[in-house]
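Engineer: Here's my sequence, what's the structure:
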Amino acid sequence: MPLTAGIVGLPNVGKSTLFNAITKSQVEAANYPFATIQPNVGVVEVPDHRIDRLVELFHPKKTIYTTFEFTDIAGLVKGASKGEGLGNQFLSNIRLTDAICHVVRCFDDADITHVEGSVDPIRDIEIINLELIMADLQTIENRLSKVERKAMTNKDKDAIAEVNVLKKLQAALEAGKPVRSLDLEKEEQLLIKAFNLLTLKPMIYIANMSDEEIAEPENNPYYQKVKELADSEHNQVVPVCAKIEEELSGLDKEEKNAFLQELGIPESGLDKVIKTAYQILNLCTFLTAGEDECRAWTFRKGMLAPQCAGVIHTDFEKGFIRAECYRFEDIDALGSEQAIKEAGKLRLEGKEYEVQDGDVLHFRFNV
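Structural biologist: Now for the predicted structure:
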């Protein structure tokens, strides 16, 4: 399954425009197995120059990039945690995502009204964050009412441990702090994992600004405020012009690069959002290459070779023997697998090998 992010934001901040750009860029379902793409879900390819280079070298029958799934979360208004707008629907959708992309309006336009009557990105962020906090508080309190009785009556050790961590979360949320701001022990993290708390998810702020300002976002005073807030929360902010993203979505790769160059922007905002999400979620990419297929695979930093083999197929992990491995940089420089072998750059790695971003792997297994 691809990485998933929920796009949230108040009305008229550019969320729908950005999502339109995503759905226009959507990959065909053929490259996204075992899933039906819903109207409010867009699946886009993760750009990777390494796959482009491997395609040049191997001329494969099939090329598959990793994918990133965006869910457009509807109904986010003040009071969403109590069911205002489409509150309940937004809550159920956002709980299933890996990260939250919060679109914030950082542009003035008299023709586009703001639901709160003025442009104030910090106020908008506080509204959304408060709704997420209130929703989590409700989840925690509901769970506490059930498990606290068990802890008091049966003196159950597991129940007592859960009550302790729930009360810690409750105190933080009542003080207006997101769960992600707490320094939780590994055991505490495991106890609350099943709750899919909203404020535990990594947050990326997407500062939506005008096409005149996107080339130099630091000059935008609204962006500066969002950046300052994001830094204080240890969150990331990505400057984007949703209007430009929508225009880019209708272009092919060469036209897109030419357009970005003309605007003085090194890469699209959507690509920046994806890279930032990979970074905050500790995700990396390993590659497989051959005449049949060149493909990128997502894995979590720190995973061992058998676990990465399991990303391809569970049988690969069960029957793992070894991984034949070389670095992308080496094949990029040397030009072929034969040259890799002759240069002594091909390695055989066992079960304890920690896979690195940019490894090109071929797994040997026996089931």
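
Engineer: how about the helices in the protein?
Structural biologist: Secondary structure of the chain (DSSP state H): helices at 15-24, 49-58, 87-94, 121-154, 157-174, 186-192, 221-233, 242-248, 253-263, 269-280, 305-312, 314-318, 328-334, 337-342.

Engineer: CSV for those helices, including mean neighbour count?
Structural biologist: Placement of C-beta: from N, CA and C, glycine included. As requested, the helices of the chain are exported to CSV (neighbours: other C-beta atoms under 10 Å):
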stretch, mean neighbour count
helix 15-24, 21
helix 49-58, 16
helix 87-94, 19
helix 121-154, 17
helix 157-174, 17
helix 186-192, 14
helix 221-233, 17
helix 242-248, 21
helix 253-263, 12
helix 269-280, 20
helix 305-312, 20
helix 314-318, 15
helix 328-334, 17
helix 337-342, 14
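
Engineer: tell me the contacts of the residue nearest in space to the middle of the chain?
Structural biologist: Central residue of the chain (C-alpha atoms, centre = their mean): residue 277, 3.9 Å from the mean position. Applying C-beta atoms under 8 Å, 6 or more residues apart in numbering, one finds that residue 277 lies in contact with 3, 5, 68, 98, 99, 101, 202, 204, 283.

Engineer: Could you dump the helices of the chain into TSV with mean pLDDT added?
Structural biologist: Formatted as TSV, the helices of the chain follow (pLDDT from 0 to 100):
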stretch	mean pLDDT
helix 15-24	83
helix 49-58	97
helix 87-94	64
helix 121-154	88
helix 157-174	91
helix 186-192	91
helix 221-233	94
helix 242-248	91
helix 253-263	89
helix 269-280	91
helix 305-312	97
helix 314-318	95
helix 328-334	98
helix 337-342	96
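
Engineer: Now render these as CSV, adding distance to residue 112.
Structural biologist: Compiled in CSV, these are given as follows (distance: least, C-beta to C-beta, whole Å):
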stretch, distance to residue 112
helix 15-24, 10
helix 49-58, 36
helix 87-94, 22
helix 121-154, 14
helix 157-174, 33
helix 186-192, 39
helix 221-233, 14
helix 242-248, 11
helix 253-263, 21
helix 269-280, 19
helix 305-312, 43
helix 314-318, 49
helix 328-334, 44
helix 337-342, 54
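
Engineer: and residue 214, which of those helices is closest to it?
Structural biologist: Closest to residue 214 of these is helix 242-248 (C-beta to C-beta; 6.4 Å).

Engineer: The closest one - contacts with which helices or strands?
Structural biologist: The contact analysis (3 or more C-beta pairs under 8 Å, 6 or more residues apart in numbering; DSSP states H and E) places helix 242-248 against helix 15-24, helix 253-263, helix 269-280.

Engineer: same thing but 6 Å
Structural biologist: Counting contacts by 3 or more C-beta pairs under 6 Å, 6 or more residues apart in numbering; DSSP states H and E, helix 242-248 is packed against helix 15-24.

Engineer: Contact partners for residue 72?
Structural biologist: Shown in contact with residue 72 (C-beta atoms under 6 Å, 6 or more residues apart in numbering): 7, 19, 40.

Engineer: Identify, from those residues, the entry nearest to residue 73.
Structural biologist: Of all those, residue 7 has the smallest distance to residue 73: 6.1 Å, by C-beta to C-beta.

Engineer: thought that closest one was touching residue 101?
Structural biologist: Yes. Judged on C-beta atoms under 6 Å, residue 7 makes contact with residue 101 at a distance of 4.9 Å.

Engineer: Can you pull the residues that touch both of those two?
Structural biologist: What both residue 7 and residue 101 touch, as defined by C-beta under 6 Å, 6+ apart, is an empty set.

Engineer: From residue 287, how far out is the residue nearest to the centre of the chain?
Structural biologist: 19 Å (C-beta to C-beta, to the nearest Å).

Engineer: what does residue 306 give?
Structural biologist: 18 Å.

Engineer: Kindly report the same for residue 297.
Structural biologist: For residue 297, the distance to residue 287 - C-beta to C-beta - is 7 Å.

Engineer: Looking at the two, which one has more neighbours?
Structural biologist: Shown here are residue 297 and residue 287; by other C-beta atoms under 10 Å, residue 287 has more neighbours (23 against 16).

Engineer: Okay, and the beta partners of that one?
Structural biologist: Beta-bridge pairing for residue 287 (DSSP bridges): residue 296, residue 360.

Engineer: Would you confirm that it contacts residue 362?
Structural biologist: No. If you go by C-beta under 6 Å, residue 287 and residue 362 don't touch, sitting 10.3 Å apart.

Engineer: can you tell me which residues contact residue 3?
Structural biologist: With C-beta under 6 Å, 6+ apart, residue 3 has these contacts: 68, 98.

Engineer: count of neighbours near residue 200?
Structural biologist: Using other C-beta under 10 Å, the number of residues around residue 200 comes to 19.

Engineer: Pull the contacting residues for it.
Structural biologist: In this structure, residue 200 makes contact with 179, 180, judged by C-beta under 6 Å, 6+ apart.

Engineer: Look up how far residue 210 lies from the residue nearest to residue 239 when sequence neighbours are not counted.
Structural biologist: In this structure, residue 239 finds its nearest non-sequential neighbour in residue 217, 3.6 Å apart by C-beta to C-beta, 6 or more residues apart in numbering. Counting by C-beta to C-beta, the gap from residue 217 to residue 210 is 10 Å.

Engineer: Was I right to think residue 67 contacts residue 41?
Structural biologist: No. When contacts are counted by C-beta under 6 Å, residue 67 is not listed as touching residue 41 (11.3 Å).
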